[in-house]
Every structure is written in structure tokens, then in C-alpha cells.
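> How does the following fold in three dimensions:
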Amino acid sequence: MSSPATIRRLNAIALFQSFAEERINAGDPPKGLEAAWAARIGVSGATWSMAKSGARPLGDKLARQIEHLCGKESGWLDEEREPTGLTPAEQQFLSQALKTYRATNSDGRKKLRQWLKEFGN
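Numbers count the residues shown, from 1 in each chain. As a prediction, this is how the structure comes out:
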């Protein structure tokens, strides 16, 4: 189970990802979406950047503010849910894993799969 701070952060990132997808589908360029999101939730770009990275936890006041401005019920950010997309860290991990998998032979691939199975248990 994740910590409450992590749950809030991941849910806030999911809201941002939905916002970004909507804006890109509407024809907005990707550049500037972080700043537009920060303005939408009533914080500075620096505050959103720190919250997104985990350097600044989302406190109760900011969590309720985000929920209100995004049309979510109070406490929505605090509920653990299945991720809707990959986080940047997950994307980076998968990219590195795929690169490693492709760069080795069948024996190396077998060892990598076995290591991942053992690591997960």
C-alpha cells in the first residue's frame, strides 16, 4: 500500500495527464501545458513542479483546492486507485528494460525475466 502523500501525488498527476490529453486533442501544443495546468489549479508552476516530483507534498488545503477546481468530490485525491497511465519514472524504467532486453541474447533475456520474477516475489 502506498503512503497517503504518494497516493495524492499520483492522483494529481493522473488529473494533469487527463488535462494534457484533452488540451492536446483540442489542438494545443504540448509546450506550456504544465504552466496551464498550474494556473488551472491555482498554483505557481514551481509549486506544481515540486508537487509532481514529490519534493513538496500536497497538503490538505491544496488537495481540496485541486479537487474543487477539477470537479472532484472532497477526498478524491486521497483514494488509492489503479494508475491510468505510466509515470515518467515508469516510462524510463520500461525504456531501460526494453533496451537491455533487446541488447542481449536469448540466455540474457531468460536471466532478465527470471530475475524480475524472483525480485517481485
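> which element is the residue lying farthest from the centre of the chain on?
Distance to the chain centre peaks in the chain at Asp107, reaching 33.7 Å (criterion: C-alpha atoms, centre = their mean). Here Asp107 sits within helix 106-120, counting by DSSP states H and E.
> What lies in contact with the lowest-mean-pLDDT helix or strand in the chain?
Ranking every helix and strand in the chain by mean pLDDT, DSSP states H and E puts helix 88-103 at the bottom, with a mean of 84. Helix 88-103 is contacted from outside by 86, 109, 112, using C-beta atoms under 8 Å, 6 or more residues apart in numbering. Every residue, glycine included, has its C-beta placed from N, CA and C.
> again, only this time at 6 Å
Contacts to helix 88-103, defined as C-beta atoms under 6 Å, 6 or more residues apart in numbering, come from residues Arg109.
> residues of that helix that come out buried?
By neighbour count on 16 or more other C-beta atoms under 10 Å, the buried set for helix 88-103 is empty.
> now do stretch 58-77
Result for stretch 58-77 [16+ other C-beta under 10 Å]: buried residues 58, 62-64, 66-67, 70, 72, 76-77.
> how deep is Val43 tucked in, by neighbour count?
20 (other C-beta atoms under 10 Å).
> For it, identify the helix or strand it belongs to.
Per DSSP H and E, Val43 falls between elements, in no helix or strand.
> Tell me how far it lies from Cys70.
As judged by C-beta to C-beta, to the nearest Å, Val43 and Cys70 stand 13 Å apart.
> Show the subsequent helix or strand relative to the strand or helix carrying Glu22.
If you go by DSSP H and E, Glu22 is part of helix 4-25. Moving toward the C-terminus from helix 4-25, the next helix or strand (DSSP H and E) is helix 33-40.
> what about Lys72, which SS state?
With DSSP: H, G, I helix; E, B strand; the rest coil as the basis, Lys72 sits in coil.
> Dump the helix holding Asp107 to CSV, restricted to CA.
Extracted C-alpha coordinates of helix 106-120, given in CSV (Å, rounded to 0.1, in the frame of the first residue of the first chain):
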residue,chain,number,x,y,z
SER,A,106,18.3,-15.3,-25.5
ASP,A,107,20.2,-16.5,-22.5
GLY,A,108,20.4,-13.0,-21.2
ARG,A,109,16.7,-12.4,-21.8
LYS,A,110,15.9,-15.6,-19.9
LYS,A,111,18.0,-14.5,-17.0
LEU,A,112,16.4,-11.0,-17.0
ARG,A,113,12.9,-12.5,-16.9
GLN,A,114,13.9,-14.9,-14.2
TRP,A,115,15.5,-12.1,-12.1
LEU,A,116,12.4,-9.9,-12.4
LYS,A,117,10.2,-12.8,-11.3
GLU,A,118,12.4,-13.5,-8.3
PHE,A,119,12.6,-9.8,-7.4
GLY,A,120,8.8,-9.5,-7.5
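> Alright, that wraps it up for me.
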